[in-house]
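Undergrad: Please work out how this folds:
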Amino acid sequence: MKKRVCIIYTGGTIGMEKTENGYAPGKVHLHSALNEIANMGSSTLPSFDLVEYDPLLDSSNISLQEWIQIARDIEGRYDHYDGFVILHGTDTMAYTASALSFMLDGLTKPVILTGSQIPFSEIRNDARDNLITALTLAGNYSVPEVCLYFGGLLLRGNRATKISADDLVSFDSPNYPPLAEVGVRITLEDKMIRRPGSGLKLTEFGQHQIAVLKIFPGIQFEVFENIMTEHLKGIVIEAFGAGNIPDSQGTMQKLLERAKRNGTIVVVCTQCLKGSAIIGEYEVSEELAKAGAVSGYDMTVEAAVAKLYYLLSMGYNIETVKRLMAENLRGELTKVL
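TA: This is a model prediction of the structure:
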């Protein structure tokens, strides 16, 4: 029996069309491309149905509500399809992939996000190959997790990050090998792929205030005092190197103490594409350790943000959230002992 895949079209460059104000999400060229693909009669391509969002969105406008909508649409159709392909803009694709990896527990089928740097409306594009390959993977291969396919690489969704605004190979997974490489043949790395779960369980994210703070030389921490309120539930700090933060005036220490009093969970990730943030390796991260900050190890910032949303939405107490932030739940981190 021919495999069936559900395509969820949220918007993004892949279906964009030129307007007098620049590229904007559209339907005509994507529908035409899907009709052409469906009529190819290939035995390797699954049959597919299209779920189309209204309005279609540039991915910079994707929010928590869209994450929930995508997850609900997958849950509601889960038993009727062999896999899912989500067409999404590239700017926030890694955030959505990370969010879905936590919202959709127990997966037994592929959920693959893809898009393109050049839309179907242009004669030269990467949209066609990305879509056809994502459909092929979702319908014919056992990859029971949330993935991101782009430019010949199938990546674990919560390990992926966008590395280029211009290249056709726009995403990488710096701290975890690709799940598959696609050339003349599709080569699956079975040992890298998570085992099937026991059945889909959806956890919707709640509304929680989360912030991201990127450290840079000469940073004036006073600027951030106003956001460090009791309403801020979590903050991801992009630190230097292995988790280092400058604090020549003691201002950062005061902010960390305030975060601790307010019950704000502080997670420290590294700005480096590769490697881990491990609090306490250097003296300049001592204040973070004293304030009860959590090492993000080799998590991407996208994964850390999504994981905070997930754990806070589970209703855990602060100590449990902190403990689980440092544990590997969906293949999102490698804990360094």
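Undergrad: Now do the helices in the protein.
TA: With DSSP state H as the criterion, the chain has helices at 28-38, 64-77, 93-103, 127-140, 251-262, 286-290, 301-313, 318-325.
Undergrad: among those helices, which gets the worst mean confidence?
TA: Lowest mean pLDDT of these: helix 286-290, a mean of 78.
Undergrad: just how off-centre is that one within its chain?
TA: 29 Å (C-alpha atoms, centre = their mean, to the nearest Å).
Undergrad: Now that helix: buried residues?
TA: 287-288 (16 or more other C-beta atoms under 10 Å). C-beta: built from backbone N, CA, C; applies to glycine.
Undergrad: rewinding a little: of the helices of the chain, which stretch is the most buried?
TA: The highest mean neighbour count among the helices of the chain, using mean count of other C-beta atoms under 10 Å, belongs to helix 93-103: a mean of 27.
Undergrad: coming back round to it: may I see the helices of the chain organised as a markdown table, with distance to L188 added?
TA: Output for those, formatted as a markdown table (distance: least, C-beta to C-beta, whole Å):
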| stretch | distance to L188 |
| --- | --- |
| helix 28-38 | 22 |
| helix 64-77 | 22 |
| helix 93-103 | 18 |
| helix 127-140 | 9 |
| helix 251-262 | 43 |
| helix 286-290 | 39 |
| helix 301-313 | 22 |
| helix 318-325 | 30 |
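Undergrad: Leaving out chain neighbours, which residue sits closest to G89?
TA: Spatial nearest neighbour of G89, chain neighbours left out: S59 (2.5 Å); criterion: C-beta to C-beta, 6 or more residues apart in numbering.
Undergrad: same check, this time on L100
TA: L100 sits nearest to V146 (C-beta to C-beta, 6+ apart), 4.7 Å away.
Undergrad: how near is the one you found to L155?
TA: Going from V146 to L155 by C-beta to C-beta, to the nearest Å gives 10 Å.
Undergrad: Neighbour count for these two, which is higher?
TA: Neighbours per residue, other C-beta atoms under 10 Å: of V146 and L155, the larger number sits with V146, 29 against 24.
Undergrad: Pairing partners for that one in the sheet, please.
TA: For V146, the beta-bridge partners under DSSP bridges are V111.
Undergrad: Would you agree it is in contact with L107?
TA: Yes - shown here, V146 and L107 form a contact pair, counting by C-beta atoms under 8 Å, at 7.1 Å.
Undergrad: Please report how far L168 lies from R124.
TA: Taking C-beta to C-beta, one finds L168 at 10 Å from R124.
Undergrad: Report the set of residues contacting both of these two.
TA: I118 (C-beta atoms under 8 Å, 6 or more residues apart in numbering).
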